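Chemist: sequence and predicted structure below; questions after.
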Amino acid sequence: MRIALLGYGKMGKVIEQIALQRGHEISAKIDVSNRTEILALSRENTDVVIEFSSPESAYGNLKYCMEFGIPTVCGTTGWLQHKPEIEKLCVENKAAFFYASNYSIGVNLFFELNKTLARLMNPYKEFKVSTNEIHHTEKKDAPSGTAITLAEGIIDNLTDKTTWINNQIAAENEVPIWSSREGKVPGTHTVKYISDVDQIEITHIAHSRHGFALGAVIAAEWLNDKQGVFGMNDLLGLK
Ligand SMILES: NC(=O)C1=CN([C@@H]2O[C@H](COP(=O)(O)OP(=O)(O)OC[C@H]3O[C@@H](n4cnc5c(N)ncnc54)[C@H](OP(=O)(O)O)[C@@H]3O)[C@@H](O)[C@H]2O)C=CC1
Ligand SMILES: O=C(O)C1=N[C@H](C(=O)O)C[C@H](O)C1
């Protein structure tokens, strides 16, 4: 496949290595310095775009790809207020759009575990839920997209929770997400339930960016012949 990388930073570079190992061609590498080269991307010269850029640039990049009908896998976080518009453009232009807040297979299993745990905990109001995420100091957005997905999984399953709050004391209806930025940490997420007498904790620790990048390339291979809006549940056959 001819893969165009929109965003050629920490993730773009690992994705490039894995895509080449899997026999793909990298047809473009676009970052801030050459960002006008996006105007040369078309359905004719690109099989799939993989977009890992920044919260500020993702919307413009994705709008272009959808308007020109180019299948796109996006992993950028922190832009999701625009996601409904991008999905609408995808459908209108018969394009293909794949989004995941986290492409690691392990994290997606962790998402399922989180929902199941929240369902089990729902009757036991003596346990107070909280979440935390730790990432490297270059990360631009907080909370992480993954932490938001975890909080949404909790909100869907704990009847007294309706929203989340970041780095502030939570009200009864809020799931607290505590974010911290430390060194070069690739991504650590924890969900805790604490009662007066005990504590239950689940944690996912990424040891490197490899799992995120491999998942994104597998998603690109899967998306190649498809049309529509997709996510990891479609790829992994989860409900
Ligand atoms: N879904 C997932 O599994 C994962 C998601 N992420 C997310 O991916 C995103 C990127 O992460 P990461 O690679 O670590 O970040 P980096 O900052 O290392 O890389 C971002 C890249 O995007 C480039 N960029 C910025 N603006 C534009 C633009 N307008 N057009 C094209 N490229 C642009 C930057 O260029 P320049 O270097 O010139 O500034 C840089 O090369 C983040 O939102 C992060 O949260 C990260 C890991 C996993
Ligand atoms: O910026 C990162 O590095 C990561 N971002 C994603 C997120 O915001 O959840 C995924 C992963 O945790 C790494």
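Modeler: Alright, I've got the coordinates. Ligands and ions are numbered 1, 2, ... in the order given.
Chemist: from here on, contacts and neighbour counts on C-alpha atoms
Modeler: Noted.
Chemist: can you report how many residues lie near the nearest residue to A216 once chain neighbours are set aside?
Modeler: The spatially closest residue to A216, leaving aside those adjacent along the chain, is Y103, at 5.7 Å (CA to CA, 6 or more residues apart in numbering). Residues near Y103, counting by other CA atoms under 10 Å, number 24.
Chemist: pretty sure I155 contacts K161?
Modeler: Yes: counting by CA atoms under 8 Å, I155 touches K161, with 5.1 Å between them.
Chemist: now list whatever residues contact both of the two.
Modeler: V175 (CA atoms under 8 Å, 6 or more residues apart in numbering).
Chemist: and the helix or strand hosting E112, is it in reach of ligand 2?
Modeler: Using DSSP states H and E, E112 sits within helix 105-121. No: contact between helix 105-121 and ligand 2 is absent, the nearest approach being 8.9 Å (criterion: CA under 6 Å from any ligand atom).
Chemist: what does the protein put close to ligand 1?
Modeler: Residues of the chain lying near ligand 1 (CA under 6 Å from any ligand atom): 6-12, 30-33, 35, 52-55, 57, 75-77, 100-103, 212.
Chemist: rerun at 5 Å
Modeler: Within the chain, the positions near ligand 1 by CA under 5 Å from any ligand atom are 6-11, 31-32, 35, 52-54, 57, 75-77, 101-103, 212.
Chemist: so which of those residues are in helices?
Modeler: Applying DSSP state H to the residues of the chain next to ligand 1, the entries found in helices are 10-11, 212.
Chemist: pull out the buried residues from these.
Modeler: Among those, those classed as buried by 16 or more other CA atoms under 10 Å are 11, 212.
Chemist: give me the phi and psi for T190.
Modeler: Reported as degrees, to the nearest 10, the phi and psi values for T190 are phi -130, psi 140.
Chemist: how close does it get to S104?
Modeler: Using CA to CA, to the nearest Å, we find T190 at a distance of 15 Å from S104.
Chemist: pull out the buried residues from stretch 191-199.
Modeler: 191-193.
Chemist: pLDDT added to the residues you listed, as a markdown table?
Modeler: Listed next are the buried residues of stretch 191-199 as a markdown table, based on pLDDT from 0 to 100:
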| residue | pLDDT |
| --- | --- |
| V191 | 99 |
| K192 | 98 |
| Y193 | 98 |
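Chemist: wait, Q168 sits on P176?
Modeler: Yes: with contacts counted by CA under 8 Å, Q168 reaches P176, the gap being 7.2 Å.
Chemist: those two - which one has more neighbours?
Modeler: P176 (22 against 9).
Chemist: what about the more buried one, which SS state?
Modeler: strand (DSSP: H, G, I helix; E, B strand; the rest coil).
Chemist: renumber starting at 5 from here on
Modeler: From this message on, residue numbering opens at 5, which makes the last subject P180.
Chemist: ok, now which ones touch it?
Modeler: Counting by CA under 8 Å, 6+ apart, the residues that P180 touches are 133-135, 168-174.
Chemist: buried subset of those residues, written for PyMOL?
Modeler: Listed next is the PyMOL selection for buried residues among the contacts of P180, using 16+ other CA under 10 Å:
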select buried, resi 133+134+135+168+169+170
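Chemist: give me phi/psi at K196?
Modeler: phi -130, psi 140.
Chemist: in what helix or strand does the residue lying closest to it once chain neighbours are set aside lie?
Modeler: Of all residues not flanking K196 in the chain, E205 sits nearest, at 4.4 Å (CA to CA, 6+ apart). Element membership for E205, per DSSP H and E: strand 203-209.
Chemist: and the strands in this protein, which stretches?
Modeler: Per DSSP state E, the chain has strands spanning 6-10, 29-34, 52-55, 76-78, 100-103, 132-139, 167-170, 178-185, 192-198, 203-209, 232-234. These are given in chain order.
Chemist: fine by me, we can end here.
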